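**Student:** Show me the folded form of this:
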Amino acid sequence: MTDPMSWDDLYPFIDEVKSMARGLLSREHNAESLQTTALVLTALRRQRHVDQDWTLVTWRNRRHFFGAMYQTMQQALIDHARKRASHKYSRETLIRPEDIELLDLKQTLERKPAQIVALVEALAWLEQEKPQWVELIRHRFYG
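**Tutor:** Residues are numbered from 1 along each chain as shown. So this is what the prediction gives:
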């Protein structure tokens, strides 16, 4: 078994890690906002536990290092995509009550599903505050 790798041993492998990151980014849809170097640095940063000293971070061997980097970069891409999706979703859910098309809920569901999601969330909140109002609304629009 070889000696564990430390930070000092990483320099020769950085180009290979960047190549791996470029490969991951090329397969990722809408990852243009993420740069190769940023992905590599994020993965390196995630190799350390929160309160761990950087000098104590080691890998069993070269294979362990590349496997850990690949998994961490892949998880960083997933986190990046989730963050972008949550920003996009949160912008779409800012719907004023007067914008919700209530006359044809089936058509609204097909054309503007975010409006229906907003309606359901508003009804759930209103049910906690004024349950009798929700009953009236349901009779009017769902009855």
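
**Student:** Tell me which residues of the host helix or strand of residue 23 come out buried.
**Tutor:** Per DSSP states H and E: residue 23 is located in helix 14-27. For helix 14-27, the buried set under the neighbour-count rule, 16 or more other C-beta atoms under 10 Å, comprises 17, 20, 21, 24, 25. C-beta here means a position set from N, CA and C on the backbone, and glycine is covered the same way.

**Student:** quick one: the fourth one from residue 59, how far?
**Tutor:** Distance, residue 24 to residue 59, using C-beta to C-beta, to the nearest Å: 19 Å.

**Student:** show me what contacts residue 38?
**Tutor:** By C-beta atoms under 8 Å, 6 or more residues apart in numbering, the contact set of residue 38 is empty.

**Student:** Kindly report the domain assignment for the protein.
**Tutor:** For the chain, the structural domains run 1-92, 93-142, going by the TED database.
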